[in-house]
Each structure stands twice: as structure tokens, then as C-alpha cells.
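A.B. asks: sequence plus the predicted model coming up.
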Amino acid sequence: MKDLLCDISAFRYWRLPPQVRALCPPLPRPEEDRQRYDLARNPTAAVALGFPLYTLVRTRNKRTCPASIRQRLFLGELPRESVLETEHGFLITSPLLTAFIMSRHLTDLQLLLVLAEMCGLFAVCALPAALEAELSRAIDSGAISTTFGWVRCPSEDGTASNLWRRDALVLGGDLHRFCSDVCGIRYGNRFREVSQLVPLGAASPFEVEANLLLALPRSLGGEGFCGIELNVEVILSTSARAIVGKSRVYIDLLLSSPDGRRQVAIECQGKASHGRAGDGLRDADRMTALQAMGYDVLLLTHRQISDEDRFRAIVKAVCRMLDAEYRDKSSDEQRAEALLRSELFIDWTKLGVIDGKMPVRHKMARSWTAANLSE
């Protein structure tokens, strides 16, 4: 019987680029490694996934306590298509079931960020030094192909970053169906509430953070802008093409006025912000081309969204461009924003890591919560 990996172990697996997975040997079969000695020496488990491994069991009498394994109990029927086969000698929970099981120890905002990455066009994967070196050797020698559908984005200094561009692991329809499947299960209602806030198609953590600050309801700490679109393709006119030498560009965040007459294109700058890094378009050329197409354009930096006063000035500028009135936040809304900001700006490489220092019930009690949306 193969192990069924779940929780943070499965999340780390889904974050691994295919070219890295291709280097990983299979895990030993449990029936052939009952004491788990071989597992402890296996590089896939020890280096790529990390100990302890989290596995899913379906009945209480299947629970055991080896030092290298932690188990999650799931009683009842599993959601549709939620267990998948791998080429590495183990089963894996689907991305959505992975997030659902992780939700037991995540705050609402942490769960929202996990889902935003799964529904986004990026993954954050910090490779251990040994695995990084092995990947470089394999690519340089031609042992593995670099055309696996995942592309590593360069950092600002041109070196390899932890940001990878890929297609979305989860589509909006998949998320909706999964929520229907788990609505009667413990944690199911909470999962559904959080899923309603997930931005689809973000290309980087920066875009997720900017979107949440702009789009979340004011009761949850955001600015309440409705209908924000991410990574919108714009087919350029002949004159705009002459500026950038491209037939199309993508707008990071597109905001529209309620009547649809005014639109503001927000371009996220720096900190490996673009999943499309290296597309050859200079920021100034891209901005000029979009302006030639009739868009108002704002360049946004991570420093601007992380500073409350700077961000408020940006929001007021957006309101002026959309011909909308800006309303100062109430004291409750200001507290909600402070709570949101206290949890939003994180080290994404550590997202989902289980913190055993603080009981989850205490962590949840003092955290940003999507439950405010239904109050």
C-alpha cells in the first residue's frame, strides 16, 4: 500500500517544478521498509519534501507513529478526483484537498494565500542548495529538458529567483465544485467563505497582495474596489505596436469604473513581480503603449503597498482616475486593515509551514478572518 501524502508535504510537492521532480527518486514502499530506515535516507523525502512527511489515513486503526511520519485522519468520503498517482512511489492529495487539509492549522488569510497561489500563474519554490546544484548539473549536461511548462523568473539582479511561472493548478470552476463537495464536512463552510475571496490568475505574490488590499471589502481591511481583473491581455493597435514592437501586452491589475467608461491599468514593478519576467518590454514602453490605447496607467511598487500612507495616496489617485469619490475609513475599517496588513506581508517560501509553538485555536482567535464578511 502506497503512502498518501497530504498537508504541507503535498503542498511542497505541488510547488516543485517538474524539472526538479524529474530528479527525485521514488519513495520506498511501506511494506518493504516497515521501520522507515530507507525513507530516512531517501533524498526525495529528506531534501525535496522535508521531514516529517504528512500522510492521510482513513480509519483510526491505521494510525501509527513513526518518527519520520505525521498522520492526518480523514473520516468519510473523499471529494471527487482528490487522490492522484505520482511517478515517485506514493499517492498525493489533489491541490484542493491539500489546501482543505492544511486549513485545519492555517488562519483564514494563510488559507487564502495558499489558494491564491494554486489558482495563480506562479509558484514559490526555494530549492535546498543540494537540489539547486543537482538541477544546474542536470540542465548543463542536457540530462533533463528545460521545457516542462514551468519557467523560472529572474530576480532584479538577473540571478535565479524562487518565483516560477506556470499554468494554474486550480481553475475557478474546480474551486467551486470542490466547495460543493466539502460543504457538509467539518471546516467546509469556512473553506467556502475563504474561497469566495480568492483572486484568480495572479502572476506573483506581489499581485496577490496588491489585489487583496484593493479588492477585499472594507470590513475585511481592503479598499472595496469591485471587478478587478488580473493579467488582462490587450491586443495593441498599430500605433501602440510601434512603441513596444509587440502585438499584445498584459495588464497586471485592471480596475474599471462602475459604468465601465474609465479604466486604470496598474503595473506591478520590481521584486521579481512579474511571472512574465524577461518579456522584453521596458516599463516605460509598456506604459506608453497602454496610454496610447486609452488606459490610465499607474506604476506600483511593493514599497508603496507595504506603507499605509503611500498606499492610501495611491488609492486616492485611482479614485480620481475612475471619477469615484474616496471615503475615509471608519475606526472599525482601520482596525481591519491593520489586522490584514499584520498577516499579509510574509515570506512566501514559508507559507503553510506548521507552527507548533502556538495552538491553532489561539492563532485563529486573534487573526484576520473571512467570517467578518457574513456578519
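C.D. replies: Perfect, I can see it now.
A.B. asks: and residue 160, what are its bridge partners?
C.D. replies: Judged by DSSP bridges, the bridge partners of residue 160 are residue 154.
A.B. asks: buried residues in stretch 143-156, which are they?
C.D. replies: 144, 150-153 (16 or more other Cβ atoms under 10 Å). In this view, the C-beta of every residue, glycine as well, is placed from N, C-alpha and C.
A.B. asks: same deal with stretch 22-34?
C.D. replies: Buried, per 16+ other Cβ under 10 Å, within stretch 22-34: 23-24, 27-28, 30.
A.B. asks: how about those residues in JSON lines, adding distance to residue 319?
C.D. replies: Below are the buried residues of stretch 22-34 laid out as JSON lines (distance: Cβ to Cβ, whole Å):
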{"residue": "23", "distance to residue 319": "50"}
{"residue": "24", "distance to residue 319": "50"}
{"residue": "27", "distance to residue 319": "54"}
{"residue": "28", "distance to residue 319": "59"}
{"residue": "30", "distance to residue 319": "59"}
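A.B. asks: okay if I get these as CSV plus pLDDT and secondary structure?
C.D. replies: CSV is the format used below for the buried residues of stretch 22-34 (pLDDT from 0 to 100; DSSP: H, G, I helix; E, B strand; the rest coil):
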residue, pLDDT, secondary structure
23, 94, coil
24, 95, coil
27, 95, coil
28, 92, coil
30, 82, helix
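A.B. asks: out of the residues you listed, which is nearest to residue 16?
C.D. replies: residue 24 (7.8 Å; Cβ to Cβ).
A.B. asks: got the CA coordinates for the helix or strand containing residue 251 in PDB?
C.D. replies: Assigned by DSSP states H and E, residue 251 belongs to strand 248-256. The C-alpha atoms that make up strand 248-256 are tabulated as PDB, following Å, rounded to 0.1, in the frame of the first residue of the first chain:
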ATOM      1  CA  ARG A 248      -0.100  42.400 -27.300                       C
ATOM      2  CA  VAL A 249       0.700  43.200 -23.700                       C
ATOM      3  CA  TYR A 250      -0.800  42.100 -20.300                       C
ATOM      4  CA  ILE A 251      -2.100  44.400 -17.700                       C
ATOM      5  CA  ASP A 252      -1.300  43.200 -14.200                       C
ATOM      6  CA  LEU A 253      -4.400  44.600 -12.500                       C
ATOM      7  CA  LEU A 254      -7.200  46.300 -14.400                       C
ATOM      8  CA  LEU A 255      -9.700  48.400 -12.400                       C
ATOM      9  CA  SER A 256     -12.900  49.800 -14.100                       C
END
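A.B. asks: list the buried ones in that strand?
C.D. replies: Buried residues in strand 248-256 (16+ other Cβ under 10 Å): 249-256.
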